[in-house]
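A.B. asks: can't give you the sequence, but here's the structure:
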């Protein structure tokens, strides 16, 4: 215990003694004044002693406080000097007034006092005067800078080791991929065993070399499937290489009648291996649903696509069509009614497919209803013909009517789209668990996931082609009337541009079946006749066309003039007929105020990928998007995407 505290303790006892003596003296003065006087004298001596003791105490206390303050200041300075945290004080003019020695170590200068704050720490230049923490790189190390504007002070903490550890953790996170030879059956059909084995050995060798190059674990678990395991660092390298294995395998097998193509699905970002496996499988399903010959990578919420340069290969067997048809027939028979929906503002293909499914429902003894909201100008003549046909027109209903008649036992068949957001009334999909999807578009990230039956074939020319094949197996005594067959054939003709685009052997077989069942080609020609005024509008846009990258055409409509999306698409189709044009893009303001971009290609360029980068979508040769901006901004955005793809792929020229 310090000496002054001991003295203080003694002083307190003296004080209490004085108080007792004073009381005793008061009593003695009353009864024995001589003794009382002597006691007062003694009390005076004690008071003097107490005064001297108190004075000594205060002197010792002041000395102790001074010594302690010096020790505290010295300890504080040593702590601040030795802390691995930088401290900076600055004034109102943002000039540095003081800093601790750690700042000198960071900046590799003896002192930065008097320097401008923003010159020393440029990351703070555009920051508002509020308390926050920012990240900065000083030299070759990373730091957190905590801003305390009220105190005009900075705290700077080194986070380099944390950043390196975090980066290492991210790089070493696992990813799972599945590789599939997506047209093995078609490519090897008719081959003898020896040729087939040689082909598979070549492909397996190419994939193995690719896996070794990027340090992937490769394991074959089926004749046409491989499992790949990798870390995130390897995945980044694969994305930077744009998955050249797709082109390598296609080029390797080009000598055969039908080259082999790969589809790859990769899942990353999840913590559990089970979830990674599920992401890989769903990514592969999307890649296959988009036509194959491409890679789908799902990382957290991001879904990226690579490749997709070739058209989907047409299946030579109808086994799948027969199996799907029988499954659809059973679902129809188990339902109380069938509600058929296409996409909003339906085109010829959507109406034709809907009429075909309506026929399938009626042949199996169930009532079918086609939900229609709004009439696309391109099908105005077709709808006039349907309204004149009482047996067909009475089954068309509005979305509101559909909501009133649907039940849990109703079957909803979605045709010509697989996106819930594109149907006339998305609530219909929530009122029943019995949903069927029939579509020919490449699968996008948005998909009706709870469908009980999905028939998506990107190789098909149109949804009408798929529905026509299903009808041939839906009932043994199928008969179509003239209007039903005509509408289905019209859908095929429009989507194939009179059998000139995306047309396979099965397309002609479907058309032949419809023609045998009474499809009226003269009526189709009447329906497809073009209005002179619409033709003149198209020429106004075509006049503004310009060539880009030698094989691309971009046409921008005049500012202030609005055109329908159908007319914009027709202009893109027309431009595709020009010499040396591989793809066409038409930009125009639409009637709803949005800027529409319609894209078409002959197949060498995947316009779907281009439109997806502009938040659109579609098919390899047929895609579009809508933007909320000006014509100039839309053209600039399109040119930017085309430039990026040219730099990445380099196949425009």
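C.D. replies: Okay, I see it. On a predicted model such as this, the values are computed, not experimentally measured, just so you know. Residues are numbered from 1 along each chain as shown.

A.B. asks: which residue ranges of the stretch 151-300 of the chain form strands?
C.D. replies: With DSSP state E, counting those that start in this stretch as the criterion, the stretch 151-300 of the chain has strands at 153-158, 174-181, 217-222, 225-231, 262-268, 294-299.

A.B. asks: can you put these in a markdown table and add distance to residue 522, mean pLDDT and mean neighbour count?
C.D. replies: The way it works is simple: take the backbone N, C-alpha and C, and place the C-beta from them, glycine included. Putting these into a markdown table (distance: least, C-beta to C-beta, whole Å; pLDDT from 0 to 100; neighbours: other C-beta atoms under 10 Å) gives the following:
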| stretch | distance to residue 522 | mean pLDDT | mean neighbour count |
| --- | --- | --- | --- |
| strand 153-158 | 81 | 86 | 17 |
| strand 174-181 | 46 | 94 | 23 |
| strand 217-222 | 51 | 93 | 12 |
| strand 225-231 | 50 | 95 | 19 |
| strand 262-268 | 43 | 93 | 26 |
| strand 294-299 | 41 | 88 | 25 |
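
A.B. asks: how about those in JSON lines, adding distance to residue 495?
C.D. replies: Shown next, in JSON lines, are those (distance: least, C-beta to C-beta, whole Å):
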{"stretch": "strand 153-158", "distance to residue 495": "62"}
{"stretch": "strand 174-181", "distance to residue 495": "27"}
{"stretch": "strand 217-222", "distance to residue 495": "34"}
{"stretch": "strand 225-231", "distance to residue 495": "32"}
{"stretch": "strand 262-268", "distance to residue 495": "24"}
{"stretch": "strand 294-299", "distance to residue 495": "22"}
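
A.B. asks: give me the domain ranges for this protein.
C.D. replies: For the chain, automatic domain parsing gives the domain ranges 3-81, 85-163, 172-307, 319-527, 534-648.

A.B. asks: spatially speaking, which residue is in the middle of this structure?
C.D. replies: Compute the mean C-alpha point of the chain, and by C-alpha atoms, centre = their mean the closest residue is residue 302, 3.6 Å away.

A.B. asks: quick one: contacts of stretch 507-515?
C.D. replies: 460-461, 464-465, 468-469, 472, 480, 485-486, 488-489, 492-493, 496, 499, 519, 521 (C-beta atoms under 8 Å, 6 or more residues apart in numbering).

A.B. asks: okay, now the unreliable bits of the stretch 201-350 of the chain?
C.D. replies: Confidence mapping of the stretch 201-350 of the chain against pLDDT under 70 gives the ranges 289, 308-317.

A.B. asks: do a quick rundown of the strands in the stretch 1-150 of the chain.
C.D. replies: 85-90, 96-99, 132-138, 141-148.

A.B. asks: any idea which of the ones you listed is most buried?
C.D. replies: Mean neighbours per residue, mean count of other C-beta atoms under 10 Å, is largest over those for strand 85-90, with a mean of 18.

A.B. asks: that one: partners in the sheet, and parallel or antiparallel?
C.D. replies: Strand 85-90 sits in its sheet next to strand 96-99 (antiparallel), strand 153-158 (antiparallel), going by DSSP bridges.

A.B. asks: residues in contact with the longest one?
C.D. replies: Translated: strand 153-158. Counting by C-beta under 8 Å, 6+ apart, 84-90, 102-103, 106, 121, 141-148 sit against strand 153-158.

A.B. asks: do a quick rundown of the helices in the stretch 151-300 of the chain.
C.D. replies: Assigned by DSSP state H, counting those that start in this stretch, the stretch 151-300 of the chain shows helices spanning 160-171, 184-188, 193-213, 232-240, 245-252, 273-289.

A.B. asks: go on, the stretch 401-550 of the chain?
C.D. replies: Here the stretch 401-550 of the chain has its helices, by DSSP H, counting those that start in this stretch, at 463-474, 482-495, 505-516, 521-527, 532-542.

A.B. asks: same list (those helices) but as a markdown table, adding mean neighbour count, distance to residue 115 and mean pLDDT.
C.D. replies: Shown next, in a markdown table, are those (neighbours: other C-beta atoms under 10 Å; distance: least, C-beta to C-beta, whole Å; pLDDT from 0 to 100):
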| stretch | mean neighbour count | distance to residue 115 | mean pLDDT |
| --- | --- | --- | --- |
| helix 463-474 | 26 | 70 | 92 |
| helix 482-495 | 25 | 69 | 92 |
| helix 505-516 | 18 | 75 | 91 |
| helix 521-527 | 15 | 79 | 88 |
| helix 532-542 | 14 | 60 | 86 |
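
A.B. asks: closest one to residue 377 among those?
C.D. replies: Nearest to residue 377, of all the helices of the stretch 401-550 of the chain, is helix 532-542, at 8.5 Å by C-beta to C-beta.

A.B. asks: check which helices and strands the closest one sits against.
C.D. replies: Contacts defined by 3 or more C-beta pairs under 8 Å, 6 or more residues apart in numbering; DSSP states H and E place helix 532-542 against strand 552-556, helix 565-575.

A.B. asks: if we use 10 Å, what do you get?
C.D. replies: strand 552-556, strand 562-563, helix 565-575, strand 583-590 (3 or more C-beta pairs under 10 Å, 6 or more residues apart in numbering; DSSP states H and E).

A.B. asks: what helices or strands is the longest one leaning on?
C.D. replies: Using 3+ C-beta pairs under 10 Å, 6+ apart as the contact criterion, the secondary-structure elements in contact with helix 565-575 are helix 532-542, strand 545-548, strand 552-556, strand 583-590, strand 595-601, strand 622-627.

A.B. asks: pLDDT on that helix, on average?
C.D. replies: Averaged across helix 565-575, pLDDT comes to 87.

A.B. asks: rewinding a little: is it possible to get TSV of the helices of the stretch 151-300 of the chain that adds distance to residue 428 and mean neighbour count?
C.D. replies: What follows is the helices of the stretch 151-300 of the chain, written out as TSV (distance: least, C-beta to C-beta, whole Å; neighbours: other C-beta atoms under 10 Å):
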stretch	distance to residue 428	mean neighbour count
helix 160-171	43	12
helix 184-188	37	18
helix 193-213	44	14
helix 232-240	39	17
helix 245-252	39	18
helix 273-289	22	19
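
A.B. asks: distance from stretch 416-429 to the middle of the chain?
C.D. replies: Put simply, stretch 416-429 sits 20 Å off its chain's centre (C-alpha atoms, centre = their mean, to the nearest Å).

A.B. asks: which parts of it are buried?
C.D. replies: Buried residues in stretch 416-429, counted by 16 or more other C-beta atoms under 10 Å: 416-420, 422-425, 428-429.

A.B. asks: between the two ends of it, how far is it?
C.D. replies: Stretch 416-429 has an end-to-end distance of 15 Å (C-alpha to C-alpha, to the nearest Å).

A.B. asks: numbering from 647 from now on, please.
C.D. replies: Sure, I'll start numbering at 647, so the last one becomes stretch 1062-1075.

A.B. asks: pLDDT on it, on average?
C.D. replies: Rounded mean pLDDT across stretch 1062-1075 is 90.

A.B. asks: what does stretch 1093-1108 give?
C.D. replies: On average, stretch 1093-1108 scores 84.

A.B. asks: now the end-to-end length of it.
C.D. replies: Across stretch 1093-1108, first to last residue, C-alpha to C-alpha, it's 19 Å.
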